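1. Structure of the sequence below:
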Amino acid sequence: MPAVIQDSRHQILVSHAGSLPRTTELIEANAARSFEADGLTLRRTAEFDDLLAEAVKDLVARQKAQGITVPGDGEFGKAMSSPVDYGAWWSYIFQRAEGLEVTGEDIFTQPPVASSPRNVKLTSFPHRRDWVRFHDAYADPASGIGTGSTATPFPATTGPLKYKGQAQITSDVQNLRAALDAAGLETGFITSLSPGSGARIADRYYGDEEAHIYAWADLLREEYKAVIDAGLILQIDDPSIAENWDQISPEPSVEDYRAFTQLRIDALNYALRGLPQEQIRFHLCWGSWHGPHTTDIEFRHIVDLMLQINAKYYSFEAANARHEHEFAVWDSVRLPEGKVIVPGVVSHATNVVEHPELVAQRILRFAERVGPENVIASTDCGLGGRIHPLIANAKLEALAAGAKLATEKLF
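-> Here you go, the predicted structure:
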């Protein structure tokens with residue numbers, strides 16, 4: 001089967017942000033897995049691995065049929081134990097890291113760190129400023145606001161960090177590579193965590209914020225290299241760059257927050273050192289829970305920090321009601337030569353399926369500002385666990401249809 005060429009010079013390419021709905025069989029198989037003695041690592045069997053490989057193969061074929069030109073593995077290799085579990089994008093790494101221990105403490109209750117620009121402390125999810133302001137709404141089961149469950153217990157760092165996920169990342173890479181070959185596609189992407197997001201757990205070993213983050217950078221680099229060495233696109237997931245803002249109380253100044261964030265940018269670039277930028281994509285968002293988000297930091301305050309990251313592609317939310325207006329940031333921010341933006345033009349935060357004409361209009365806004373060859377149409381965040389699979393599929397179809405309309409107007 002000849003490969004489908006993913007060429008942005010003649011069309012608007014189409015991708016998504018990572019997680020896609022798992023099949024019922026895969027969810028049940030994940031839920032049936034037991035933990036190893038460490039309480040973090042889920043056991044695998046040959047039967048499970050075969051099921052996972054077939055699920056990824058089927059998923060990539062469906063993405064191609066839907067019109068997705070830059071597909072992913074849907075994060076299927078990352079643990080998900082229920083239909084509403086979307087913590088896997090982050091917590092999966094706990095199964096691939098040595099030096100962690102389940103201590104029973106709140107992951108964000110570590111004391112302020114003296115080396116931090118403001119001695120800031122990241123609060124836990126229920127103490128976010130948005131959650132405090134809308135406490136009654138978040139506490140009301142009828143509100144429809146939820147954050148899902150987590151795939152594994154949250155640990156603390158209690159020893160030297162070291163990567164132990166070689167078997168898991170090898171499986172992820174092999175499954176996606178085989179699925180792409182079967183579908184006749186050149187390449188696709190696999191997501192991985194950023195050092196700053198990994199280091200949000202409590203540190204009971206390093207005793208220094210910078211040392212803890214850079215230890216995560218050394219650990220994650222091994223996973224990054226495995227994806228890139230396989231000729232695939234590496235997507236770095238790092239909602240913390242924007243999301244940490246809402247977890248600092250009282251609200252910091254923008255200047256102090258930028259200094260706090262710069263350490264996380266530098267650590268990520270350290271982890272990416274020497275790796276080819278053309279195979280690296282960075283994903284930024286404000287947290288994917290379906291809440292008001294009135295305390296999100298504005299994109300204009302962090303867009304230049306995002307562009308410091310040594311990647312070719314930059315994925316960010318641009319379709320939800322809180323951030324759609326921020327396409328205008330590109331009126332004053334110049335996209336560096338050779339870089340590509342991957343804006344979300346379909347939202348994970350609503351069950352309403354976007355009309356293809358609206359999707360096309362959103363794409364055109366960006367194409368007019370940075371050039372059509374520098375835009376890939378995507379989703380705001382991963383759709384898996386956030387909306388019903390039938391709706392997720394309809395959104396992906398609308399995304400591809402909108403990109404086709406935009407292509408007809410632009411090329």
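
2. Please confirm that residue 343 is located within a strand.
-> Yes - according to DSSP: H, G, I helix; E, B strand; the rest coil, residue 343 belongs to a strand.

3. Quick one: residues contacting it.
-> 315-316, 318-319, 327, 362-363, 366, 375, 377-378 (CB atoms under 8 Å, 6 or more residues apart in numbering). The way it works is simple: take the backbone N, C-alpha and C, and place the C-beta from them, glycine included.

4. if I look at it, how far off is residue 287?
-> In this structure, residue 343 and residue 287 are separated by 17 Å, where distance is defined by CB to CB, to the nearest Å.

5. With residue 67 instead?
-> If you go by CB to CB, the gap between residue 67 and residue 287 works out to 28 Å.

6. Specify which residue of those two has the higher count of neighbours.
-> Using other CB atoms under 10 Å, the more surrounded residue of residue 67 and residue 287 is residue 287, with 21 against 17.

7. quick one: the more buried one is in a strand?
-> No - for residue 287, which was evaluated using three-state DSSP, the result is coil, with no strand membership.

8. can you count the residues close to the residue nearest to it when sequence neighbours are not counted?
-> Beyond its immediate neighbours in the sequence, the residue positioned closest to residue 287 (CB to CB, 6 or more residues apart in numbering) is residue 243, lying 4.4 Å away. If you count neighbours by other CB under 10 Å, residue 243 ends up with 21.

9. Quick one: residues contacting residue 243.
-> If a contact means CB under 8 Å, 6+ apart, then residue 243 has 285-287 as its contacts.

10. SS state for it?
-> When the structure is split into helix, strand and coil by three-state DSSP, residue 243 lands in helix.

11. Likewise for residue 38?
-> coil.

12. What's the separation between it and residue 102?
-> In this structure, residue 38 and residue 102 are separated by 8 Å, where distance is defined by CB to CB.

13. One more: residue 198?
-> 16 Å.

14. likewise residue 28?
-> Between residue 28 and residue 102 the computed distance is 25 Å (CB to CB).

15. do the same with residue 295
-> Between residue 295 and residue 102 the computed distance is 30 Å (CB to CB).

16. ok, these two, which is more surrounded?
-> Regarding residue 295 and residue 102, a neighbour count based on other CB under 10 Å identifies residue 295 as having more, with 19 against 16.

17. what's near enough to touch the more buried one?
-> Residues in contact with residue 295 (CB under 8 Å, 6+ apart) are 128-130, 133, 245-246, 251.

18. Can you list the residue ranges for strands in this protein?
-> Per DSSP state E, the chain has strands spanning 13-14, 97-101, 156-163, 189-193, 233-237, 280-284, 313-316, 340-346, 376-379. These are given in chain order.

19. Turn the ones you listed into TSV, including mean pLDDT.
-> TSV is the format used below for those (pLDDT from 0 to 100):
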stretch	mean pLDDT
strand 13-14	98
strand 97-101	95
strand 156-163	97
strand 189-193	98
strand 233-237	98
strand 280-284	98
strand 313-316	98
strand 340-346	98
strand 376-379	98
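
20. looking at these, which is buried most?
-> Most buried of the strands of the chain, by mean neighbour count (mean count of other CB atoms under 10 Å): strand 376-379, with a mean of 28.

21. Please enumerate residues in contact with that strand?
-> The set of residues external to strand 376-379 that reach it, using CB under 8 Å, 6+ apart, is 8, 12-17, 70, 313, 315, 319, 340-348, 359, 363, 395-396, 399, 402-403, 406.

22. May I have the strands that pair with it, each with its orientation?
-> For strand 376-379, sheet partners with direction are given as strand 13-14 (parallel), strand 340-346 (parallel), following DSSP bridges.

23. I'd like the ones you listed laid out as a markdown table, including distance to residue 303.
-> Written out in a markdown table, the entries for those read as follows (distance: least, CB to CB, whole Å):
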| stretch | distance to residue 303 |
| --- | --- |
| strand 13-14 | 22 |
| strand 340-346 | 10 |
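
24. Minimum distance to residue 323: which of the ones you listed has it?
-> Proximity of these to residue 323 was assessed by CB to CB; the nearest stretch is strand 340-346, lying at 8.5 Å.

25. Alpha carbons of the closest one, as PDB, please.
-> As requested, the backbone C-alpha atoms of strand 340-346 are provided in PDB (Å, rounded to 0.1, in the frame of the first residue of the first chain):
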ATOM      1  CA  VAL A 340       3.900  25.300  12.900                       C
ATOM      2  CA  ILE A 341       0.900  25.900  15.100                       C
ATOM      3  CA  VAL A 342      -1.600  23.200  15.900                       C
ATOM      4  CA  PRO A 343      -4.700  25.100  17.200                       C
ATOM      5  CA  GLY A 344      -7.700  23.300  18.600                       C
ATOM      6  CA  VAL A 345     -10.600  24.100  16.300                       C
ATOM      7  CA  VAL A 346     -12.900  21.500  17.900                       C
END
